[in-house]
Structures are given as C-alpha cells and as structure tokens.
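*Asks:* Sharing a sequence plus its predicted fold:
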Amino acid sequence: MRLLYERLTNLLGVLGFDVAELEAPERLEDALSEQLLNLLVEVRGQLRQRRIFDLADLIRSKLSELGILLEDTPQGTRWRRAD
C-alpha cells in the first residue's frame, strides 16, 4: 500500500497537483477530489468567458447531479456540497 501511495503522489506531483500536505493515503482521495473540482470550476469559468455557455451549463448540471452546487459571484465561482 505504501508503494502505491508513493507512486501515486509522485505522479500527481508531476501533473501539478499539490500533495505535499498529505499525511496518509486516506487523505489522498479528499485532496484529489477538491483539486479536481477546482479544476472543473476553472475550466467552466474559461468556457463562460469565451461565451461557450452550453458546455459551461453542462458542467454545472453534471456537478449538481453529483451533489456539488456552483455559486457564481462577482469574485468568481465557488462550489459547495449540497446539504
């Protein structure tokens, strides 16, 4: 298990994910999920800037189906888990 954890964190580091704060393999899933959500929010923001609203809306809809709500604010888009 430790070898798998080391290889995965090494690969994620190469891909640009910040895994330095991870203390145990169990935390990897939560940290990766948060980083992937932030990436989707960023991509959606770029789509909106380019006025590609159908894809931006699709991302919002699919995340909503997964229980993730997006809130567009003047400071940017924020996400939160549905209660």
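*Replies:* Okay, I see it.
*Asks:* hey, let's count contacts and neighbours off CA atoms from now on
*Replies:* Will do.
*Asks:* Going along the chain, name the helices of the chain.
*Replies:* In the chain, the helices defined using DSSP state H lie at 2-14, 25-49, 53-65.
*Asks:* Including mean neighbour count and mean pLDDT, could those helices go into a markdown table?
*Replies:* A markdown table is the format used below for these (neighbours: other Cα atoms under 10 Å; pLDDT from 0 to 100):
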| stretch | mean neighbour count | mean pLDDT |
| --- | --- | --- |
| helix 2-14 | 13 | 71 |
| helix 25-49 | 15 | 83 |
| helix 53-65 | 15 | 93 |
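*Asks:* Redo those helices as CSV? Include distance to T77.
*Replies:* Output for those, formatted as CSV (distance: least, Cα to Cα, whole Å):
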stretch, distance to T77
helix 2-14, 25
helix 25-49, 7
helix 53-65, 11
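*Asks:* Please name whichever of those helices is nearest to P74.
*Replies:* In terms of Cα to Cα, the element of the helices of the chain nearest to P74 is helix 25-49, at 12.1 Å.
*Asks:* and that closest one, what does it pack onto?
*Replies:* If you count contacts as 3 or more Cα pairs under 8 Å, 6 or more residues apart in numbering; DSSP states H and E, helix 25-49 packs onto helix 53-65, strand 76-81.
*Asks:* at 10 Å what do you get?
*Replies:* helix 2-14, helix 53-65, strand 68-73, strand 76-81 (3 or more Cα pairs under 10 Å, 6 or more residues apart in numbering; DSSP states H and E).
*Asks:* Tell me which of those approaches N38 most closely.
*Replies:* From the helices and strands packed on helix 25-49, taking Cα to Cα, the stretch that ends up closest is strand 76-81, at 8.2 Å.
*Asks:* Just the buried positions in that closest one, please.
*Replies:* W79 (16 or more other Cα atoms under 10 Å).
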